[in-house]
Every structure is written in C-alpha cells, then in structure tokens.
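> sequence plus the predicted model coming up.
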Amino acid sequence: MAEAESETVVLQKNKLLRILGLGFGLAVVVGGTIGVSIFRLPGPTANLLGNTWLILVIWTLGGAFTLLNANYTAELATMIPKAGGPYVYARHAYGDFAGFVVGWSDWLGNVAAVAFLPIAFAEYAIALFAPSFSGVTTVALAFLLLLALLNWIGLRAGSGTQKVTSFLKAIALLAFVVVCFALGGHHSSVDAGQTTHPAPVGSFAALVAIVLSFQLILGAYGGWNSVIYFAEEDENPGRNIPRSLHAGVLSVIGIYLLVNLALLYVLPLPQIAASKLAAADAMRVVFGARGGQIVTGLALLSIIAIVNAILMFTPRTLYALGRDGLFSSKAIAVNEGGTPVVALAVTVVMAAILISLGTFEKLMAIYAFYAVANNIVLISALFVLRKRSPDLPRPFRAWAYPFAPLAVLLVSGTLVVGFTVSDPRDSIYALVLLAASYPIYRLIRRKSVEQQSRN
C-alpha cells in the first residue's frame, strides 16, 4: 500500500502543468518562427528570382505550404494532445522504432539550433556593444545559460518571457515597416532608373531558381509547429492549438510580406539582390550610419525569442521519450514550476558542448534531411490514423482531406529528392545514422524492460 502511494506521489510530482492558453500558443508560434532569416534571405531570394512579383509570390507560396502543414498537424496534435511533438504522432502511427528515430532526430536538430543561434546572438551583440571583444563563445554560453535559468524556474517564467519577447519582436518589425514607408522614399539609395534585376534565362534556369528560393524561404518558416510540443500543458488543446497554428502562421506570413514590400519600396531590386543584409541597407537609407545598429538590435530581439522557444519545447521531446521507455526514466523529472529539469539540463549541456566545439553545422545539415523526411512520416501518419483509429476524438479535422495533405506530401517528397541531389554527402550520413539507430534503439528498449522488471 505504501509503495503504491509513493508511486502515485512520484507520478503527480513529475506531471507537467496544464496552465498554457491561446496567448502563449500565438507567442511561441510567432516567436519560434521569425528569426534573422527575414533580414538575410531577401537578398539571396532577389538574386535568384530577379522579379519583384515573383519574390512576393514565392514568399506567399512558402507561407501557404506552411499553412497546409499546420492544417494536418492541428488534427494530429488535438487527436493525441501529449507532450513531445512529432515523436508522439510517429510512434502512435508506426510504433516505437519510428517514433524513436523521429524523436531523436528532432531533438538533435533542435539542439543544433540551440547551439547555432547563441553564436549568432553573441556575434551581433559584440558588433553592437563591444566590437573589440573577441569572446564570442563566452557570450554565447552566458546567453544560453541565462535563458536556461529562466526556464528552469518554471513554465510561467518561460512562457512569460516568450510572450514579452514575441510581442516586442512583432511590434519592432511592424515599426520597421512603417518607418520604411513613411521615411524611406522610393529607391532613394541609388539611381531611380536602376529598378530591374536580370531574371534567370531559360525555363529550366527559372525553375531551378524558383525551387532554390522556395527551399530558402521554407527555412524562414521553420519553427511554425512549436506549440504542438506543449499540447499536454494547454488548458484547452482542442481549441487553442488549431487557433495558435493557423493564426500564428498567418501572422508570420503577413509580417514577412510587409517586410519584403518595405524593402522593395526603399531599395531597388538590384541593390537588394546584391545585399547580404538588405534590412540594414534600408535602415541606412532612412537613418544613415545608425541604420545597421537598428537592424542588429532587431536581430538580437528576434534571436532571444526564438532561442527561448526552442529551449522550452526541445526538452519536451526527451520527456516524452523517457516516459515511453525510449530514454532514461530520469528525463520525466519535473520540478514544481512545471519544467522537465533533467531533460532541460541534458539539452543545455549538449548545446553548450556544440557551442564550444563548433560542430553544429554538420548536425544541422544532416537534420535538414531528417526534417523533410520526418514531415513525410507525419503526413502519412495522418492517413494511417484516420484508417486505423477512426474513433479517436478529433476536435479539429484537417480541411480538404485528403487533397490538401496529399499536396503537402507530394511537395515534401520532391524536396527530399531535391535535398538528396543537391547534398548527397549529408544525405548519406543521415541514412548511415538511421541504420545505426536501430541497435541503439534495441539497447535502450532492453534496458527499459530490465528496469521495469526490477521494479
């Protein structure tokens, strides 16, 4: 009797808190998506496409594709409202091994992002406040540990930070747009007659340019599904998650289009195409030399919001893996504030190691392959669960089924082929890691069974 009561206390102690709502959902989608890509990608995109309208169309198509992904994901997340994100749906549809592969590749990719982004933050912060300082790694580690501490305190501290930083980021970007239109002056930085940029010659070259720019822009929409990792902690996931996904993605699409329109208003297309940071060029037109500092400040704010979001949701994957016996059972430890502390600690330590070693680039390249492949697994999971588990509650049902999910599946399959052709070496590495993951999975499962038998 005493043992049963003790086990109940442990389960209650390690339970995630159900305290999140729609406000947090919108904040984590917007804050977890909009990063420095919106400042860096307009130049490469303009260089590839060479046409103003085509640029706007591609950004819109990237948003529409993301919205279609949000559509089917909303059904999965509300059908199985558990912590862990994509891992949860893959495991329910295909079993433990598929869930293990999706969960671990998702976690590793997000850890790589947690390592890369603090480096970017440190570089921007040093350039803005102390150009002579050379301790990029030190600043990156300090930034990572500060946000980790905020999240260690508890879910309320992490979610409050996310709401504030995401709100400030959105307001700052909208202010950037307003300033560009109000004070920029149309094409005032160079000769007003120079407003065209050579478009790709030939239909094949144009198609390649469109595909490459589409891949770039999809990267800018990464992080749109951040809210699904918190399904177990949402007060009303059946209502809030679909609203957060769709309204959040639509908000991001609107902000991205407005920023591009503002840049095209202030700068001629050739200058955007030749720029590595078009937003800074636009601000220099408006404010002179201080323009670059303003954009650097915007970038810092964007990075704070996105790193906080990733630090919040990435440990939830380890928590879910540990709960299902696919990682150490210690990963289910949750403090009084609702933070899975062991999972957070493992995530932060791994990210800190990558920051110190500088080896996250290869991991990110491999993860890019897994990210698209995992998307195919998840879309397929929707069809499998519709057929196998028709009686599961579905507070939200994907609209235009099966046509909209099939369209996403077709595009995702094309992207996998394109990624494999364009980067065969990292694709081979990803496949080797996939093959190597099976014996690791078997070892973890065996240890989990042994531990359960001892208990």
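Cool, got the structure.
> and whichever helix or strand Val28 is part of, what does it pack onto?
Applying DSSP states H and E as the criterion places Val28 in helix 22-33. In terms of contact count using 3 or more CB pairs under 8 Å, 6 or more residues apart in numbering; DSSP states H and E, helix 22-33 is assigned the packing partners helix 155-183, helix 237-266, helix 291-323. Heads up, the C-betas are built off the backbone N, CA and C, glycines and all.
> give me the contact list for the helix or strand that it is followed by.
From helix 22-33 onward toward the C-terminus, using DSSP H and E, the following helix or strand is helix 37-40. The contact list for helix 37-40, computed with CB atoms under 8 Å, 6 or more residues apart in numbering, reads 173, 219-220, 255-256, 259, 276-280, 295, 298-299, 302.
> again with stretch 248-265
With CB under 8 Å, 6+ apart, stretch 248-265 has contacts from 25-26, 28-30, 33-34, 38, 42, 52, 55-56, 59-60, 63-64, 66-67, 70, 170, 173-174, 176-177, 180-181, 184, 186, 220-221, 224, 227, 272, 278-279, 282.
> in it, what counts as buried?
248-249, 251-253, 255-256, 258-265 (16 or more other CB atoms under 10 Å).
> which among the residues you listed gets closest to Leu311?
Nearest to Leu311 among those is Gly248, at 18.5 Å by CB to CB.
> what residues are up against Gln162?
Contacts for Gln162 (CB under 8 Å, 6+ apart) come out as Phe24, Ala27, Val28, Gly31, Ala305, Asn308, Ala309, Met312.
> and the furthest pair within these?
Phe24 and Ala305 (12.6 Å).
> low pLDDT regions in the stretch 151-300 of the chain?
185-202 (pLDDT under 70).
> show me which of the contacts of helix 37-40 are buried.
With burial judged by 16+ other CB under 10 Å, the buried subset of these is 173, 220, 255-256, 259, 277-280, 295, 298-299, 302.
> what ranges do the helices span in the stretch 351-455 of the chain?
Ranges of helices within the stretch 351-455 of the chain are 360-388, 403-422, 424-454, based on DSSP state H, counting those that start in this stretch.
> help me confirm that Asn375 comes into contact with Leu68.
No - assessed by CB atoms under 8 Å, Asn375 is found out of contact with Leu68, at 11.0 Å.
> find residues that contact each of these two.
Joint contacts of Asn375 and Leu68 (CB under 8 Å, 6+ apart) are Val408.
> could you point out where the stretch 351-455 of the chain is predicted with low confidence?
Residues of the stretch 351-455 of the chain that meet the cut-off, pLDDT under 70, sit at 452, 455.
> does the residue nearest the centre of the chain count as helix, strand or coil?
Computing the C-alpha centroid of the chain and ranking residues by CA atoms, centre = their mean puts Gly223 first, at 2.0 Å. State at Gly223, reduced to three classes by DSSP: H, G, I helix; E, B strand; the rest coil: coil.
> and it, what does it touch?
Counting by CB under 8 Å, 6+ apart, Gly223 touches Val29, Gly32, Thr33, Gly35, Ile306, Ala309, Ile310.
> distance check, it against Ser37.
10 Å (CB to CB, to the nearest Å).
> do the same with Ile366
20 Å.
> same question for Ala368.
In this view, Ala368 and Ser37 are 14 Å apart by CB to CB.
> please, where are all the helices along the stretch 1-150 of the chain?
Using DSSP H, counting those that start in this stretch, the helices of the stretch 1-150 of the chain run over 2-13, 22-33, 37-40, 42-49, 52-79, 86-94, 96-129, 136-153.
> can you lay out the ones you listed as JSON lines showing mean neighbour count and distance to Ala205?
Formatted as JSON lines, the helices of the stretch 1-150 of the chain follow (neighbours: other CB atoms under 10 Å; distance: least, CB to CB, whole Å):
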{"stretch": "helix 2-13", "mean neighbour count": "10", "distance to Ala205": "60"}
{"stretch": "helix 22-33", "mean neighbour count": "26", "distance to Ala205": "31"}
{"stretch": "helix 37-40", "mean neighbour count": "21", "distance to Ala205": "23"}
{"stretch": "helix 42-49", "mean neighbour count": "23", "distance to Ala205": "10"}
{"stretch": "helix 52-79", "mean neighbour count": "21", "distance to Ala205": "13"}
{"stretch": "helix 86-94", "mean neighbour count": "25", "distance to Ala205": "35"}
{"stretch": "helix 96-129", "mean neighbour count": "22", "distance to Ala205": "31"}
{"stretch": "helix 136-153", "mean neighbour count": "18", "distance to Ala205": "39"}
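> out of the ones you listed, which comes closest to Ala436?
So among the helices of the stretch 1-150 of the chain, helix 96-129 is nearest, using CB to CB, at 10.8 Å.
> that closest one versus helix 86-94: what angle between them?
Going by axes from the mean of the first three to the mean of the last three CA atoms, to 10 degrees, helix 96-129 is angled at 160 degrees with respect to helix 86-94.
> and helix 96-129, what does it pack against?
Helices and strands touching helix 96-129, by 3+ CB pairs under 8 Å, 6+ apart, are helix 86-94, helix 136-153, helix 291-323, helix 341-357, helix 360-388, helix 424-454.
> any idea how far the first one is from the middle of the chain?
Helix 86-94 has its C-alpha centroid displaced from the chain centroid by 19 Å (CA atoms, centre = their mean, to the nearest Å).
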